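Peer 1: okay, predicted coordinates and the sequence, questions at the end:
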Amino acid sequence: MGQMVFYAPTSDSLPPHALEQAYLAGVEAIPWRSCNRWSDGTLCLERSVSESGSLHILWLVPGHGQRVLSTCTLMERSEPYHLATELARGTLHRARTLVAESAAQQVAVPERIERWMAEAVAAFIEAATVPSAADGAAARSIARACDVIDAMCRDVLLERIRAVREASGPLSSLLAARLELDEPDDASGRYLHGVFQAVSLPCRWAQLQPTEDALVCDTLMTQISWCRARGLPVFAGPLLQLDAASLPAWVTAAVGNYERFEAAARQYAQAIVRRFRDSVDVWLCAGRLNLPGRTEFSEEQRLRLAVVMIEAVREGCGRSPVVISFDQPWAEYLAAVDHDLSPLHFADALVRAELGISGIALEMNLGYWPGGSLPRDVLSVSRQVDRWSLLGMPLLVFLSLPSRVEEDPQATADTAVTCRDRGVPAMPAMDQGLAVQIIPLLLAKPAVNAVVWSQWSDQRRHEFPHAGLLDPTGQAKPLLADLATIRRDLLS
C-alpha cells in the first residue's frame, strides 16, 4: 500500500469536509480510491498503488473563496511535503502555462498580469526557501496566481473570443435551456424565445410510463409542439437515469432482476422514440450511467444498459443524432468508491464500440456536494472540456451553478451548495455570476455544439438547490439578462 503525506500545521485554509473530499490523481487526472486521515498537523492519503500523482484538495483562497487546488506531480517519499507550498507550486504552474499558451498564440498579456505573475513567483520562492515564512508566502503566491488565472479567463480570453466573433461572424454553437415537463407560461415563453436557441426537455421514465401498460405523453407533446411552433430545436432526454426521481415505482421493484429491467427500458425507449421521432432533433438516450444511482447494477451491467439504450433509440429515431450524457466528469467520487471505469473511460468504451453515438453530453453541476462537482475555476472547466474533446465526438455541456447557499425545500437532489467560506456562509462557493465567464469559453470551443443551462426555475420542484434562472417567486435572476447579452454578442 502506498501513501502520500503532507505537513499542514494550520487548517485555516481548509474548508469543512476538505479532508474527506481530497484525492490523489495520476497523469490522466483520474482519482485513486484513498483513505484520508488527519493527525497532528499531517494529512495522509493511503491508496493501493505507489505511483506518482498530484493532490487535489479544497482550499480557501483570499479574494476567491473555495476552489479545488492541485499540486504538481509528486513522488512518494517518507518525508512529508509542505502542503501549502506544493499547492502554490501547482497553482503557479497552471497560471504560467496559461500565460505562455496565450503568448504563443499572439495574445497580448496585459502588464498588470505580468506584474502579478512576478509577484506570485517571488512569493513562491520565499515559501520554498524560507521555512519559517512558508505558510504566509505560499498563501500570497496562491492568491496572486489565482488572480492571474481569473484575469486571463475573464478579460484576455473573452476579448479574444469577441474579436474572433467580429472577424468571422457568430459562433456556430447553440445556447439552450432545460425545461421541466410543464408548458411555459407567457413570461417564461418570452424569456425562452428571446434568449435561447434550443430547448432541452427531460424525459423521465417515472412521468412518461407511470404504470407498465400505459404511456402518458400529453405534457411532453404540448412542450414539443410549443417549441416547434417557435422554431426552437428540441433535445429530448435522457430517456433513462437510475436515480429515484426518474425510475417509476413498478420498475424499481425490478432493479434486482437485471434482465427484466433491461427489457423494460428497451421497450419504453422504443415506444417514446417511435411516438416523437419526427419532432425531436437530438435524443439523449441515457444519462449518469457512470454511476449506479439507486440500483446495485455493476459497471458491466450499466455498460450493457448504455448499449441497449443507444440501440433502441438508434433503431427508432431515423437520422436524429443520439447522445449519451455523463455526470461528475472530474470523477471525484472515485476517491471513495470502487469503480474500474472513470466517466471518460466509460464514454471511451462506448465510442470505440462504434454503436452509432453522435455526441457526448457532460453534466457540470458546479459548487454542489455530494451529487455534483466541487468548486472549480474557469480554467479547470475549460481544461476538462478539452480532455473530453479528445474522444473526437461533438460535445454538449449541461451547466448549473447555485445563486444562494441556504437549504432549498423544493430541491430533490441529495446534495447541498458548498458555501464560500466560514466567514461568509450566505455566499455559494461558486455563484451564477461565473457563468458569464464559463459559457462564452465553452461556446467558443470547436468540440462544443451546445451549452444547456440545466434548470429553468426554482418555483416548482426541481433537482439542484437554487440553480434555476427564475427564483422561487417566478422572477428572472440577473443571469438571464447576462445570457441574453451573450446570445446577442456572440451568437446572433
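Peer 2: Nice, I can see it. Numbers count the residues shown, from 1 in each chain.
Peer 1: do a quick rundown of the helices in the stretch 151-300 of the chain.
Peer 2: Under the criterion DSSP state H, counting those that start in this stretch, the stretch 151-300 of the chain contains helices at 157-168, 186-195, 205-208, 218-229, 249-252, 258-276, 299-317.
Peer 1: output the fifth one in CSV with nothing but the alpha carbons.
Peer 2: Listed next in CSV are the C-alpha coordinates belonging to helix 249-252 (Å, rounded to 0.1, in the frame of the first residue of the first chain):
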residue,chain,number,x,y,z
ALA,A,249,-42.3,2.5,-8.9
TRP,A,250,-43.2,-0.5,-11.0
VAL,A,251,-39.6,-0.6,-12.4
THR,A,252,-38.0,-0.1,-9.1
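Peer 1: so which elements touch it?
Peer 2: Under the contact definition 3 or more C-beta pairs under 8 Å, 6 or more residues apart in numbering; DSSP states H and E, helix 249-252 sits against helix 258-276. Glycine gets a C-beta too; all of them are placed from N, C-alpha and C.
Peer 1: and for the last one?
Peer 2: Contact analysis of helix 299-317 by 3+ C-beta pairs under 8 Å, 6+ apart lists helix 258-276, strand 282-287, strand 322-327, helix 343-352 as its packing neighbours.
Peer 1: ok but Leu480 is inside a helix, no?
Peer 2: Yes: counting by DSSP: H, G, I helix; E, B strand; the rest coil, Leu480 falls inside a helix.
Peer 1: tell me how many other residues crowd it.
Peer 2: Using other C-beta atoms under 10 Å, Leu480 is surrounded by 19 other residues.
Peer 1: got the contact list for Ala484?
Peer 2: Going by C-beta atoms under 8 Å, 6 or more residues apart in numbering, Ala484 touches Gly194, Val195.
Peer 1: may I see the buried residues of the helix or strand hosting it?
Peer 2: Here Ala484 sits within helix 478-486, counting by DSSP states H and E. Residues Leu479, Leu480, Asp482, Leu483, Ala484, Ile486 are the ones in helix 478-486 that count as buried (16 or more other C-beta atoms under 10 Å).
Peer 1: send the alpha carbons of it over as PDB?
Peer 2: What follows is helix 478-486, C-alpha atoms only, in PDB (Å, rounded to 0.1, in the frame of the first residue of the first chain):
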ATOM      1  CA  PRO A 478     -29.700  38.500 -13.100                       C
ATOM      2  CA  LEU A 479     -28.100  35.700 -15.000                       C
ATOM      3  CA  LEU A 480     -31.000  35.600 -17.500                       C
ATOM      4  CA  ALA A 481     -30.100  39.100 -18.700                       C
ATOM      5  CA  ASP A 482     -26.400  38.100 -18.900                       C
ATOM      6  CA  LEU A 483     -27.300  35.200 -21.100                       C
ATOM      7  CA  ALA A 484     -29.300  37.400 -23.400                       C
ATOM      8  CA  THR A 485     -26.200  39.600 -23.700                       C
ATOM      9  CA  ILE A 486     -24.100  36.500 -24.600                       C
END
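Peer 1: nearest spatial neighbour of Ala151, skipping sequence neighbours?
Peer 2: Take Ala151 and drop its neighbours on the chain: the residue closest to it by C-beta to C-beta, 6 or more residues apart in numbering is Ile113, 5.5 Å away.
Peer 1: tell me the contacts of that neighbour?
Peer 2: Shown in contact with Ile113 (C-beta under 8 Å, 6+ apart): Val99, Val148, Ala151, Met152, Val156.
Peer 1: most neighbours among those, which one?
Peer 2: Greatest neighbour count in these, by other C-beta under 10 Å, goes to Val148: 26 neighbours.
Peer 1: let me know the secondary structure of that residue.
Peer 2: Once three-state DSSP is applied, Val148 turns out helix.
Peer 1: and the closest residue to it other than its chain neighbours, how many neighbours?
Peer 2: Spatially, and ignoring its direct neighbours in sequence, Val148 is nearest to Ala95 (4.3 Å; C-beta to C-beta, 6+ apart). By other C-beta under 10 Å, 27 other residues sit near Ala95.
Peer 1: so Ala95 is in which element?
Peer 2: Going by DSSP H and E, Ala95 is in helix 83-104.
Peer 1: try Glu46
Peer 2: strand 42-47.
Peer 1: whichever helix or strand comes after that strand - contacts with which helices or strands?
Peer 2: Remark: after strand 42-47, the chain's next helix or strand is strand 54-61, criterion DSSP H and E. If you count contacts as 3+ C-beta pairs under 8 Å, 6+ apart, strand 54-61 packs onto helix 18-21, strand 23-25, strand 65-70, helix 83-104, helix 134-151.
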